[in-house]
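# Dropping the sequence and predicted coords here.
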Amino acid sequence: MNEEIIQIVRQEIIKNFNMLSDEEKEIIRTNKGTAYTSVLKKLFPQGVFEGLSSGEAQNISTPKRGLGTR
(Lines give C-alpha, C1' and ligand atoms only; values in the text may rest on other atoms or scores of the structure.)
Protein backbone atom coordinates (compact mmCIF):
# COMPACT_ATOMS: atom_id res chain seq x y z
CA MET A 1 0.00 0.00 0.00
CA ASN A 2 1.13 3.52 -0.73
CA GLU A 3 3.07 5.00 2.21
CA GLU A 4 1.25 8.32 1.85
CA ILE A 5 -2.13 6.62 2.23
CA ILE A 6 -0.91 4.67 5.26
CA GLN A 7 0.26 7.94 6.85
CA ILE A 8 -3.14 9.56 6.22
CA VAL A 9 -4.93 6.60 7.82
CA ARG A 10 -2.56 6.69 10.83
CA GLN A 11 -3.24 10.40 11.36
CA GLU A 12 -6.99 9.79 11.17
CA ILE A 13 -6.72 6.97 13.74
CA ILE A 14 -4.71 9.20 16.08
CA LYS A 15 -7.18 12.08 15.68
CA ASN A 16 -10.17 9.82 16.33
CA PHE A 17 -8.47 8.15 19.32
CA ASN A 18 -7.71 11.53 20.87
CA MET A 19 -11.39 12.48 20.57
CA LEU A 20 -12.50 9.45 22.63
CA SER A 21 -13.40 9.80 26.29
CA ASP A 22 -10.95 8.42 28.87
CA GLU A 23 -13.31 5.50 29.48
CA GLU A 24 -13.41 4.65 25.76
CA LYS A 25 -9.61 4.84 25.53
CA GLU A 26 -9.38 2.50 28.51
CA ILE A 27 -11.65 -0.02 26.78
CA ILE A 28 -9.26 -0.10 23.83
CA ARG A 29 -6.22 -0.40 26.10
CA THR A 30 -7.66 -3.25 28.18
CA ASN A 31 -8.46 -5.24 25.03
CA LYS A 32 -4.85 -5.12 23.86
CA GLY A 33 -3.65 -8.58 22.88
CA THR A 34 -7.10 -10.17 22.86
CA ALA A 35 -8.77 -12.08 20.05
CA TYR A 36 -10.93 -9.00 19.47
CA THR A 37 -7.94 -6.80 18.59
CA SER A 38 -6.40 -9.55 16.47
CA VAL A 39 -9.55 -9.61 14.33
CA LEU A 40 -9.69 -5.80 14.11
CA LYS A 41 -6.09 -5.68 12.87
CA LYS A 42 -7.11 -7.90 9.97
CA LEU A 43 -9.51 -5.18 8.79
CA PHE A 44 -6.79 -2.58 8.32
CA PRO A 45 -4.03 -2.57 5.71
CA GLN A 46 -0.73 -4.03 6.88
CA GLY A 47 1.56 -1.36 8.24
CA VAL A 48 -1.12 1.05 9.45
CA PHE A 49 -0.44 0.33 13.12
CA GLU A 50 3.35 0.20 12.85
CA GLY A 51 4.91 2.98 14.88
CA LEU A 52 1.73 3.82 16.77
CA SER A 53 1.91 3.67 20.53
CA SER A 54 -0.48 1.07 21.88
CA GLY A 55 -0.48 2.60 25.33
CA GLU A 56 -0.88 0.74 28.57
CA ALA A 57 -4.01 0.33 30.61
CA GLN A 58 -4.55 3.22 33.01
CA ASN A 59 -6.63 1.21 35.52
CA ILE A 60 -9.66 3.47 35.20
CA SER A 61 -12.67 1.56 36.42
CA THR A 62 -15.39 1.17 33.83
CA PRO A 63 -18.87 -0.19 34.50
CA LYS A 64 -19.11 -3.90 33.79
CA ARG A 65 -21.68 -4.99 31.26
CA GLY A 66 -23.22 -8.25 30.20
CA LEU A 67 -22.02 -11.44 31.86
CA GLY A 68 -19.23 -9.53 33.63
CA THR A 69 -21.75 -7.98 36.00
CA ARG A 70 -22.46 -11.26 37.76
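It's in. Residues are numbered from 1 along each chain as shown.

# which SSE is the residue nearest the centre of the chain in?
Nearest to the geometric centre of the chain sits residue 28, at 4.7 Å (C-alpha atoms, centre = their mean). Here residue 28, judged by DSSP states H and E, is contained in helix 22-30.

# Okay, buried residues for whichever helix in the chain runs longest please.
Counting by DSSP state H, the longest helix found in the chain is helix 3-18. For helix 3-18, the neighbour count (16 or more other C-beta atoms under 10 Å) marks 6, 9, 10 as buried. The way it works is simple: take the backbone N, C-alpha and C, and place the C-beta from them, glycine included.

# Show me how far the helix holding residue 28 is from its chain's centre.
With C-alpha atoms, centre = their mean, to the nearest Å as the basis, helix 22-30 stands 8 Å off its chain's centre.

# pLDDT of it, averaged?
For helix 22-30, the mean per-residue pLDDT is 89.

# Distance-wise, check residue 34 relative to residue 48.
19 Å (C-beta to C-beta, to the nearest Å).

# So if I had to pick from these two, which one is more boxed in?
Applying other C-beta atoms under 10 Å to residue 34 and residue 48 shows that residue 48 carries more neighbours, namely 19 against 10.
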